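Student: Here is my input, please return the structure:
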Amino acid sequence: MRPLSLHPDRLFPADPTTRSIARSLYAEVAASPIISPHGHVDPTWFADNANWTDATSLLLAPDHYLYRMLYSQGIDLDALAIPRRDGTPATDPRAAWRLFADHYALFRGTPSRLWLDHVFAEVFGIEVTLESATADLYFDTITDALATPAFKPRALFERFRIDFLATTEGAHDDLAAHRRIRQSGWQGRVVTTYRPDGVIDVEHESFGPAMAAFAELTGEDVYDWRGYLAAHRKRRADFRAVGATATDHGHATAATANLSPVEAEALFAKVTRGDWTPADAELFRAQMLTEMAAMSVDDGMVMQIHPGSRRNHNAGLFATHGRDKGADIPGRTDYVEALKPLLDRFGTSTDLSIILFTLDESSYSRELAPLAGHYPCLKLGPPWWFHDSPEGMWRFREMTTETAGFYNTVGFNDDTRAFLSIPARHDVARRIDCGYLARLVAEHRIEDWEAAELAHELTSGLARRAYRIDQPLIATQAA
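Tutor: Residues are numbered from 1 along each chain as shown. Model (predicted):
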């Protein structure tokens, strides 16, 4: 058995002078409370506060970062306790964990390895590395711990010093879990985020059922353009009532449109009749981003736009196991022309706040930083998904700071379903940011006191302001 240890200087620059500065900056923010303003943690965990059952169902089965790597090496998802789309039961969780341990070396040098080793060492106190010989030790240690009160969701939330955590629900979600959280009297701040994609993307296979639920929840005629917009306003108010401060839009592109009311109504009639083309579907998504921006001007909710993922690229895997199984692939994304219709209407508004994300790093210095460095309504989200890594974070700072600065960015968010990895992900971001700031100090580009201020801003200040976490909610209702 090989020892598992986390080096105190991990991810800091190798140069001794710069490393020393990074250490000092990190000491300022290492224990700061976590602001997690965007993610996909299951809110029922905190509503029910029930114990998780085993290591596999918590750490392996929900994490597409892990099983996409294993799948790339020819390991079938059925063997990893990933349920099939047709409801075929998952395999034995211990056997799946052993298979994972047998192949843990595949993650060397990846951010997943950094996050998992942090979870194993810091959360569960395990002192040996994960490998074939220690698979059962890990499975039993983790599973036994999960059965105790100290590892219930709310206890870990408090242990992790999470000050704010946002989940993501669809416009057709009933928000029952969030209401139970608020009614329970527990003081942990877990809020929702409004993601209307399910009732906007007519190409999604669940669009029809989502629209039916949307109609039932709002009491509006959602197949009439005015009723459809009124339903969005009602649902946004419902989401704000359980703490939401933001919306999220995961469209395939960043395309926006600014159609006249007559044109928008005619397009909506076409897509709801079912005689639309792919071009109509794209135009409708584009128009709805602009409609959502208009509503955000009215109610103060922050928009997040997450474009550029080619969803379910593996058609065979989608057929057998469904969505979100590690087969989403980044693609080239345009922002300058795509956003212009929306920006022509709202770009100079100080009442609107839009956070832009990308999976196309080539757009950082060419498009995103110049846009955010000019338009008052735009901010840059942190490296996301495939770029949520030490190298990705460093590249982001190098390619955007010269044009957008630090204050047109929004700090870090973890955007994860893997609850136990949240402290690890934030720790990586803090270390990389402190290393980057240390280099600026060592090169005499900023003063040490400026770097200290920036370390706190990048850890929490920017996120609090960008997501309007501490601002009172606007309680407007649908017109």
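Student: When you work out contacts or count neighbours from here on, use the C-alpha atoms and nothing else.
Tutor: Noted.
Student: Centroid-nearest residue for the chain?
Tutor: What sits nearest the mean C-alpha location of the chain, by Cα atoms, centre = their mean, is Asp415, with 2.1 Å.
Student: That one touches Ile35, doesn't it?
Tutor: No. Contact criterion Cα atoms under 8 Å: Asp415 and Ile35 do not qualify, at 11.6 Å.
Student: so Gln304, which of the three states?
Tutor: Three-state call for Gln304 (DSSP: H, G, I helix; E, B strand; the rest coil): strand.
Student: Now Trp143. Nearest residue, chain neighbours left out?
Tutor: Small correction: residue 143 is Thr, not Trp. Nearest-residue entry for Thr143: Asp54, 4.5 Å, with adjacent residues in sequence omitted and distances by Cα to Cα, 6 or more residues apart in numbering.
Student: What is the least confident helix or strand in this protein?
Tutor: helix 315-321 (a mean of 85; mean pLDDT, DSSP states H and E).
Student: counting contacts, what elements does that helix pack onto?
Tutor: In this structure, helix 315-321 packs against no helix or strand, with contacts taken as 3 or more Cα pairs under 8 Å, 6 or more residues apart in numbering; DSSP states H and E.
Student: what comes up buried for it?
Tutor: Leu317, Phe318, His321 (16 or more other Cα atoms under 10 Å).
Student: Which one of the residues you listed is nearest to Val302?
Tutor: Phe318 (31.9 Å; Cα to Cα).
Student: roughly how far apart are that closest one and Gly326?
Tutor: Phe318 sits 10 Å away from Gly326 when distances are taken as Cα to Cα, to the nearest Å.
Student: what do the two both touch?
Tutor: Common neighbours of Phe318 and Gly326, counting by Cα atoms under 8 Å, 6 or more residues apart in numbering, are Asn312.
Student: which regions of this structure lie under the pLDDT threshold?
Tutor: Applying pLDDT under 70 to the chain flags the ranges 88-90, 472-479.
Student: residues contacting Ser5?
Tutor: Ala121, Glu127, Val128.
Student: Which of these fall in strands?
Tutor: The subset of the contacts of Ser5 located in strands under the criterion DSSP state E is empty.
Student: And for Pro383, the neighbour number?
Tutor: 26 (other Cα atoms under 10 Å).
Student: what sits up against stretch 139-146?
Tutor: Contacts of stretch 139-146 (Cα under 8 Å, 6+ apart): Asn51, Trp52, Thr53, Asp54, Ala55, Thr56, Arg94, Trp97, Phe124, Phe151, Lys152.
Student: These, buried ones only, as a ChimeraX selection?
Tutor: To isolate the buried members of those in ChimeraX, using 16+ other Cα under 10 Å:
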select :51,52,54,55,56,94,97,151,152
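Student: could you dump the contacts of stretch 139-146 to CSV with secondary structure and distance to Gly219?
Tutor: Converted to CSV, the contacts of stretch 139-146 look like this (DSSP: H, G, I helix; E, B strand; the rest coil; distance: Cα to Cα, whole Å):
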residue, secondary structure, distance to Gly219
Asn51, coil, 37
Trp52, coil, 37
Thr53, coil, 39
Asp54, coil, 41
Ala55, helix, 42
Thr56, helix, 41
Arg94, helix, 47
Trp97, helix, 46
Phe124, coil, 48
Phe151, helix, 41
Lys152, coil, 37
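Student: Identify each buried residue in the host helix or strand of Arg395, please.
Tutor: If you go by DSSP states H and E, Arg395 is part of helix 390-404. Buried residues in helix 390-404, defined by neighbour count with 16+ other Cα under 10 Å: Pro390, Gly392, Met393, Trp394, Phe396, Arg397, Met399, Thr400, Thr401, Thr403, Ala404.
Student: Now the two most distant members of those.
Tutor: Across these (Cα to Cα), the longest gap, 21.2 Å, separates Pro390 and Thr403.
Student: which residues of the stretch 251-400 of the chain fall in strands?
Tutor: 302-305, 309-310, 329-330, 354-356, 378-380 (DSSP state E, counting those that start in this stretch).
Student: picking up where we left off before, where's the residue nearest to Thr143 relative to Phe46, distance?
Tutor: 17 Å.
Student: where do the helices sit along the stretch 201-350 of the chain?
Tutor: Counting by DSSP state H, counting those that start in this stretch, the stretch 201-350 of the chain has helices at residues 207-218, 225-241, 261-273, 278-299, 315-321, 340-346.
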